[in-house]
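Engineer: Below are the sequence and a predicted model for it; my questions follow.
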Amino acid sequence: MVNEPAPAPSVPAPAPVQRVLVVEDLEDTRTSLQELLQMSLKLEVDTAEDGAAGLAMLRAKPYSLVITDLRMPRVGGMKLIETIQAEKIPVTVIVTTGNGNIKDAVEAMRMGVYDFLTKPPDPQHLQIIVQRALRDRALQDEVAALRRELGERHTFQNVLSRSPKMVDLFELIGHVAGTASTVLIRGETGTGKEQIARAIHQASANYRTGEFVAVNCGALNENLLESELFGHEKGSYTGADRKRIGRFELAHKGTLFLDEIGDVPMSMQVKLLRVLQERRFERVGGAEPIEIDVRVVAATHQDMEKLVKDGKFREDLYYRLNVVRIDIPPLRERTEDIPVLVSHFCQKFVRVGQKPPTISPEALDLLTKCPWPGNVRQLENAIERACVTARDGVIRTKDLPPEVGRRPESSAAGKHPFHVDLNRKLPDQLSELTAAFEERYIRRALKRSRGHVGKCAKITGLSRRSITDKIAQYKIDKEQFKGEE
Ligand SMILES: Nc1ncnc2c1ncn2[C@@H]1O[C@H](COP(=O)(O)OP(=O)(O)OP(=O)(O)O)[C@@H](O)[C@H]1O
């Protein structure tokens, strides 16, 4: 399924430069605020004398921040805030208020404004609040842009999908990106858990400047895992002849990907829980606490609730990890992704100096019907192989591995041809049997005639026209017989 692109937003796009609008009816206050912001923070600052004028300016050009008085003639600050929200204008609002009107400011805060300042504002305080508001606005705009990108393109950081379930998941990534939350990704092997973890890292404004560090928790025994995650001091155990920096430290300001989290031994689970709670740990054999700011993304193919129920995984750690949960559906539940993935892998594995191969409809049909127990990785491997064997730039059924369900014989394969099912009517079963026999016969004849329709017609005693019809009816890829005997 291909979703329609999101409609173009009807509000002005977020401000590319950080422009501020001061809305204030008292001329002196208005100009002094403008000058202060221009001089101290070098910002571009416009002014309006009331809410109506301010609104007209907000609709005409993009601003990052509005600093507005609440009590003004014509349209006051509250009305301005309400309209900004109703029209979804992407701008941050700070209100200014006289000392006696704190109640109004509190009411405005309840409506979702960023902060309030009492008049006359202290210049230093004003600078700090405005800088913070502009920084947060920039982050919000970035996340919003990212969400639009994810929603529209169905592609992010090489994660491709056309499936509505996956597109929802992209939205979730966009949301998670703006937070520091721990994420638990669940999915069968090869569904793309690590790739999604990388996408979260890349999308996170706060963490993408650091490293993406992956650890396969299932591949290491308890001691190795501890030293791998936390590092060790020189001489902390026999053989530790040098200090070693652990993965948590390497991932500082970045993302730590804990793959196969369900395999972490119980004693290590306690240690992991402590780091997640306190964001600090000591190296093995060390006493000095090391503070870290890391986003943890864990992944598993296991049923975590069952592990918890069976006493193999700590419940408290499970809840710590499961703050945001991402379930990646298996490929067989999103077959609409198969064509787009196939074409992506054809481009990835194109042979040097050649154009990426195309795929025959019969081969694509087979790929769509395969249950793919190894999911996207298995599909990737199948296409990599097919790119090598494909002739004339086309991947045909014969280029696919047998496990994808390539059946040179009857579609009734697997069942005894004379399987009698008394729960079904005889004529129905007879016509199925005839069709299965016919398909088998035609395949054999095509094989002998090396895919040549005329010769196949001679062998079968049917017309060329009938052979062509039968080939279409049974979805036979006659090209696969070329060169075979
Ligand atoms: N949606 C996708 N678009 C493009 N490539 C994908 C997608 N999903 C997975 N892949 C590719 O499939 C392969 C397997 O993905 P990945 O290693 O992320 O899976 P995994 O779920 O972490 O596997 P495992 O459970 O075995 O650790 C990778 O080469 C990855 O690039």
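Structural biologist: Sure thing, it's come through.

Engineer: Lowest mean pLDDT among the helices and strands, pick that one out for this structure.
Structural biologist: When each helix and strand of the chain is scored by mean pLDDT, DSSP states H and E, strand 155-156 comes last, with a mean of 66.

Engineer: which strands and helices sit next to the following helix or strand past that strand?
Structural biologist: Downstream of strand 155-156, the next assigned helix or strand under DSSP states H and E is strand 159-160. On a contact count with 3 or more Cβ pairs under 8 Å, 6 or more residues apart in numbering; DSSP states H and E, strand 159-160 meets helix 193-203, helix 338-348. All C-beta atoms are positioned from the backbone trio N, CA, C, and that covers glycine.

Engineer: deepest of these, which one?
Structural biologist: Burial of these is given as mean neighbour count (mean count of other Cβ atoms under 10 Å); helix 193-203 ranks first at a mean of 22.

Engineer: Name the residues that touch it?
Structural biologist: Outside helix 193-203, the residues that touch it by Cβ atoms under 8 Å, 6 or more residues apart in numbering are 146, 156-159, 169, 173-174, 176-177, 183, 185-187, 207-208, 212, 214, 254-255, 257, 259, 295, 297, 299, 301, 326, 328.

Engineer: Among those, which ones lie close to the ligand?
Structural biologist: 158, 159, 187, 259, 301 (Cβ under 6 Å from any ligand atom).

Engineer: and these, which are buried?
Structural biologist: Among those, those classed as buried by 16 or more other Cβ atoms under 10 Å are 159, 187, 259, 301.

Engineer: The first one reaches residue 192, doesn't it?
Structural biologist: This means residue 159. Yes. Taking Cβ atoms under 8 Å as the definition, residue 159 is a contact partner of residue 192 at 6.3 Å.

Engineer: Can you give me the domain assignment for the chain?
Structural biologist: The chain breaks down into these domains under automatic domain parsing: 19-144, 154-327, 332-404, 426-481.

Engineer: returning to that earlier point: to the ligand, which of the helices and strands packed on strand 159-160 lies closest?
Structural biologist: Nearest to the ligand among the helices and strands packed on strand 159-160 is helix 193-203; the distance by Cβ to the nearest ligand atom comes to 3.5 Å.

Engineer: would you list every one of the strands in the stretch 201-350 of the chain?
Structural biologist: Assigned by DSSP state E, counting those that start in this stretch, the strands in the stretch 201-350 of the chain fall at 212-216, 231-232, 244-245, 255-259, 280-281, 290-291, 295-300, 324-327.

Engineer: Please disregard the earlier target; I meant the stretch 351-485 of the chain.
Structural biologist: Secondary structure of the stretch 351-485 of the chain by DSSP E, counting those that start in this stretch: the strands cover 358-359, 394-395.

Engineer: what lines up beside the first one in the sheet?
Structural biologist: What that stands for is strand 358-359. Strand 358-359 pairs in its sheet with strand 394-395 (parallel), by DSSP bridges.

Engineer: Pick out the residue of the stretch 151-300 of the chain closest to the ligand.
Structural biologist: Nearest to the ligand, among the residues of the stretch 151-300 of the chain, is residue 192, at 2.7 Å (Cβ to the nearest ligand atom).
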